[in-house]
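any chance you could fold what I've pasted below:
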Amino acid sequence: MGQKLKIAGWVAIGAVAGALTTVQFQAVARGTLAPLPLEELQQLAAVFGMVKSDYVEPVDEKKLISEAISGMVSSLDPHSQYFDKKSFKEFREGTSGRFVGVGIEITMEDGLVKVVSPIEDSPAFRAGLKTNDLITKIDDTAVKGLTINEAVKLMRGEPRTKVLLTIFRKDENRSFPVTITREEIKTQSVKAKRIEPGYAWVRVSQFQDRTVEDFARKVEDLYKQDPKIKGLVLDLRNDPGGLLDAAVALSAAFLPENVTVVSTNGQLADSKFTYTTAPQHYLRRGGTDPIERLTKATNGALKSVPLVVLVNEGSASASEIVAGALQDHKRATLLGSQTFGKGSVQTVRPLGPDTGIKLTTARYYTPSGNTIQAKGIVPDVMVDETPEGNLFAALRTREADLTKHLSNGKDDKPATGAMSDAERAAEQARDQEREEARKKLEEEARKNPGQRLVPEFGSDKDFQLQQALNQLKGKPVLVSKTQTVRTEEKKEN
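Residues are numbered from 1 along each chain as shown. The predicted structure is shown next:
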């Protein structure tokens with residue numbers, strides 16, 4: 001296969017927003033085209049002419065054509081998309097893990113931008129911004145009333161340009177201005193720490209260009225701190241995806257040589273492929289192999305160390321590939337909630353120097369041949385996110401909730417255009433759960449303004465992490481009494 005599949009994606013979790021996607025980049029389109037329907041194309045041309053000549057005011061021709069392409073592609077499924085110049089640039093930034101900005105992870109609090117943490121060695125880090133700082137103004141624009149995406153756009157810009165942030169620091173009860181010079185930011189997608197002697201936690205928040213190198217370096221550091229690690233927790237919760245080669249490499253760190261990680265299948269010959277743990281299936285540019293280096297540095301310990309993988313409804317795409325591979329090979333115990341169910345591949349084909357389309361071209365399958373599409377990965381042990389249960393999980397959207405989602409291709413029955421009584425009852429029950437969760441969220445937000453309603457991942461209050469440690473130590477695990485496996489419903493067309 002000439003080029004490797006890449007997966008990239010965003011999901012609306014915290015401050016990250018967008019749509020999940022799985023992508024193969026191709027430099028050229030297919031050489032052969034199916035015969036074109038002449039009558040329908042004549043109708044399209046006729047409508048174009050009518051709009052151009054008869055509409056109430058002049059319409060930009062290029063905009064009409066781009067909107068027509070966008071409508072054609074987006075009508076197929078939730079992940080097929082037309083990219084204009086701006087969205088193509090943003091899409092590429094998402095896969096690279098690089099962007100131009102000030103270098104802070106943010107969320108919203110009381111209508112203001114709250115600094116979750118400054119990225120190490122970023123302009124914001126060097127300017128002295130701290131966790132919990134509130135940004136009240138960006139240049140001359142008040143933050144109150146802005147969405148988080150609008151605030152992000154104001155803080156991003158061209159390299160070496162300046163932005164003035166007005167900061168309110170609660171613990172010092174003062175506001176002050178900070179002028180920051182924007183530069184290219186390299187995001188950190190891997191966190192790792194020793195939780196207690198013998199046990200470590202590694203979190204992968206997205207699969208990007210630098211994820212494998214960061215993972216190898218941080219796990220090496222863990223083993224330098226504690227060469228006798230007895231158990232490891234790999235945290236993939238709320239990981240929306242990323243590059244496929246990074247997912248294959250991460251799987252290879254824990255699995256034997258030359259075993260299957262994931263396979264893909266579609267109409268194109270290039271879409272029928274099986275990825276294994278062999279280095280040629282995850283090394284894109286040659287050079288040194290971080291996974292081989294890590295294996296040597298740890299004396300192969302990662303191949304056998306007891307492993308628990310944490311997943312939830314926000315674990316999607318590339319993170320589901322890793323979870324599925326480790327589960328199928330019985331290399332890890334999966335703990336948490338059923339995953340998102342993003343099991344389709346999109347091919348990105350440029351239409352020009354800075355525009356393109358992203359088109360669904362294949363489904364991917366776990367080593368045992370199971371499809372993830374619209375179903376997800378079911379963990380070995382269902383565990384709620386808090387001792388009180390999965391308080392707000394019903395508010396999270398999964399692949400099967402998306403309009404026009406792709407079927408899983410295996411278990412589907414022919415669509416009848418109407419839901420059965422059982423399907424309608426299941427949908428109504430979920431609507432009720434969502435409404436109850438929404439009310440509870442509003443109530444908790446009123447009681448505890450500005451406080452986290454679910455503990456931070458990796459903290460000492462992280463209930464699922466504590467259950468993962470219990471699993472590794474052979475202690476009792478508090479299994480969910482309410483979670484059930486969700487199957488794909490028949491989609492309505």
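
number of nearby residues for the residue nearest to residue 362 when sequence neighbours are not counted?
In space, residue 362 comes closest to residue 266 once its chain neighbours are excluded; the distance is 3.2 Å by CB to CB, 6 or more residues apart in numbering. (Each C-beta comes from the backbone N, C-alpha and C, glycine too.) Residue 266 has 19 neighbours, counted by other CB atoms under 10 Å.

and residue 266, how far from residue 421?
34 Å (CB to CB, to the nearest Å).

and what of residue 333?
Relative to residue 421, residue 333 is positioned 37 Å away (CB to CB).

who has more neighbours, those two?
Just comparing residue 333 and residue 421: by other CB under 10 Å the higher neighbour count belongs to residue 333, 18 against 7.

pretty sure the more buried one sits against residue 308.
Yes: counting by CB atoms under 8 Å, residue 333 touches residue 308, with 5.1 Å between them.

doesn't residue 108 make contact with residue 134?
No: the pair residue 134 / residue 108 is not scored as a contact, 10.0 Å apart, by CB under 8 Å.

joint contacts of these two?
Shared contacts of residue 134 and residue 108 (CB atoms under 8 Å, 6 or more residues apart in numbering): residue 114.

which one of those two has more residues nearby?
Comparing residue 134 with residue 108 by other CB under 10 Å, the one with more neighbours is residue 134, at 19 against 15.

what separation is there between that one and residue 207?
31 Å.

likewise for residue 91?
Here the criterion is CB to CB. By it, residue 91 lies 15 Å from residue 207.

between those two, which one's more packed in?
Legend: neighbour count by other CB under 10 Å for residue 91 and residue 207, higher for residue 207 (34 against 20).

what count of nearby residues applies to the closest residue to the more buried one other than its chain neighbours?
Spatial nearest neighbour of residue 207, excluding adjacent residues (CB to CB, 6+ apart): residue 242 at 2.4 Å. By other CB under 10 Å, the residues close to residue 242 number 31.

before we move on, what about residue 49?
Residue 49 has 10 neighbours, counted by other CB under 10 Å.

my read: residue 404 touches residue 80, true?
No: in this structure, residue 404 is not within contact of residue 80 by CB under 8 Å, at 9.4 Å.

compare those two and say which is more crowded by neighbours.
Using other CB under 10 Å, the more surrounded residue of residue 404 and residue 80 is residue 80, with 21 against 14.

need the contact list for the more buried one.
With contact set as CB under 8 Å, 6+ apart, residue 80 has these partners: 73-74, 346, 357-360.

give me the buried entries from the residues you listed.
Buried by 16 or more other CB atoms under 10 Å: 73, 346, 357-360, out of the contacts of residue 80.

in helices only, show me the residues you listed.
Among these, the members falling in helices (DSSP state H) are residue 73.

now do residue 243 against residue 161, distance only.
The spacing between residue 243 and residue 161, counted by CB to CB, is 29 Å.

where do the strands sit along the stretch 201-350 of the chain?
Counting by DSSP state E, counting those that start in this stretch, one finds strands in the stretch 201-350 of the chain at the ranges 231-235, 260-265, 273-276, 307-311, 333-336, 344-350.

neighbour count: residue 243 and residue 161, which is higher?
Relative neighbour count places residue 243 above the other of residue 243 and residue 161, with 27 against 12, counting by other CB under 10 Å.

what backbone torsions are found at that one?
phi -80, psi 130 (degrees, to the nearest 10).

one step back: what's the most buried one of the strands of the stretch 201-350 of the chain?
Highest mean neighbour count of these: strand 307-311, a mean of 26 (counted as mean count of other CB atoms under 10 Å).

now it: how far from the chain's centre is it?
Chain-centre distance of strand 307-311: 17 Å, with CA atoms, centre = their mean, to the nearest Å.

could you list the residues in contact with it?
Strand 307-311 is contacted from outside by 231-237, 254, 319-320, 322-323, 326-327, 331-337, 339, 377, 379, 464-465, 468, 471-472, using CB under 8 Å, 6+ apart.

what are the pairing partners of that strand, and which direction each?
Strand 307-311 pairs in its sheet with strand 231-235 (parallel), strand 333-336 (parallel), by DSSP bridges.

which stretch among the ones you listed comes nearest residue 295?
Of all these, strand 231-235 sits nearest to residue 295, with 14.3 Å by CB to CB.

residues contacting that closest one, please?
Outside strand 231-235, the residues that touch it by CB under 8 Å, 6+ apart are 195, 198-204, 302, 305-310, 322, 326, 332, 457-458, 465, 468-469, 472-473.

narrow these to those that are buried.
Buried subset of these (neighbour count, 16+ other CB under 10 Å): 195, 199-204, 302, 305-310, 322, 326, 332, 457-458, 465, 468-469, 472.

give me the subset of these lying in helices.
Using DSSP H, the buried ones among the contacts of strand 231-235 in helices are 322, 326, 465, 468-469, 472.

export those to TSV and tack on pLDDT and distance to residue 180?
Below are these laid out as TSV (pLDDT from 0 to 100; distance: CB to CB, whole Å):
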residue	pLDDT	distance to residue 180
322	98	36
326	98	41
465	98	34
468	98	38
469	98	39
472	98	42
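
using JSON lines, lay out these together with distance to residue 156.
Supplementary listing: those in JSON lines, determined by distance: CB to CB, whole Å:
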{"residue": "322", "distance to residue 156": "30"}
{"residue": "326", "distance to residue 156": "36"}
{"residue": "465", "distance to residue 156": "33"}
{"residue": "468", "distance to residue 156": "36"}
{"residue": "469", "distance to residue 156": "39"}
{"residue": "472", "distance to residue 156": "41"}
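
from the residues you listed, which is closest to residue 118?
Distance to residue 118 across those (CB to CB) is lowest for residue 465, with 24.1 Å.

can you give me the neighbour number for the residue lying closest to residue 239 once chain neighbours are set aside?
In this structure, residue 239 finds its nearest non-sequential neighbour in residue 319, 3.9 Å apart by CB to CB, 6+ apart. With neighbours defined by other CB under 10 Å, the count for residue 319 comes to 34.

residue 319 and residue 217, how far apart?
As judged by CB to CB, residue 319 and residue 217 stand 20 Å apart.

ok, residue 461 next?
28 Å.

kindly report the same for residue 182.
As judged by CB to CB, residue 182 and residue 217 stand 27 Å apart.

more crowded one of those two?
Neighbour count, other CB under 10 Å: between residue 182 and residue 217, residue 182 has more, with 20 against 16.

contact partners for the more buried one?
Neighbouring residues of residue 182 by CB under 8 Å, 6+ apart: 100-102, 123, 155-163.

now, of those, which are buried?
100-102, 123, 155-156, 163.

out of those residues, which sit inside helices?
The helices, defined by DSSP H, take in 123, 155 from those.

as JSON lines, the buried ones among the contacts of residue 182 with distance to residue 190 and pLDDT would be great.
Listed next are these as JSON lines, based on distance: CB to CB, whole Å; pLDDT from 0 to 100:
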{"residue": "100", "distance to residue 190": "22", "pLDDT": "89"}
{"residue": "101", "distance to residue 190": "20", "pLDDT": "90"}
{"residue": "102", "distance to residue 190": "21", "pLDDT": "94"}
{"residue": "123", "distance to residue 190": "22", "pLDDT": "94"}
{"residue": "155", "distance to residue 190": "24", "pLDDT": "95"}
{"residue": "156", "distance to residue 190": "23", "pLDDT": "90"}
{"residue": "163", "distance to residue 190": "28", "pLDDT": "97"}
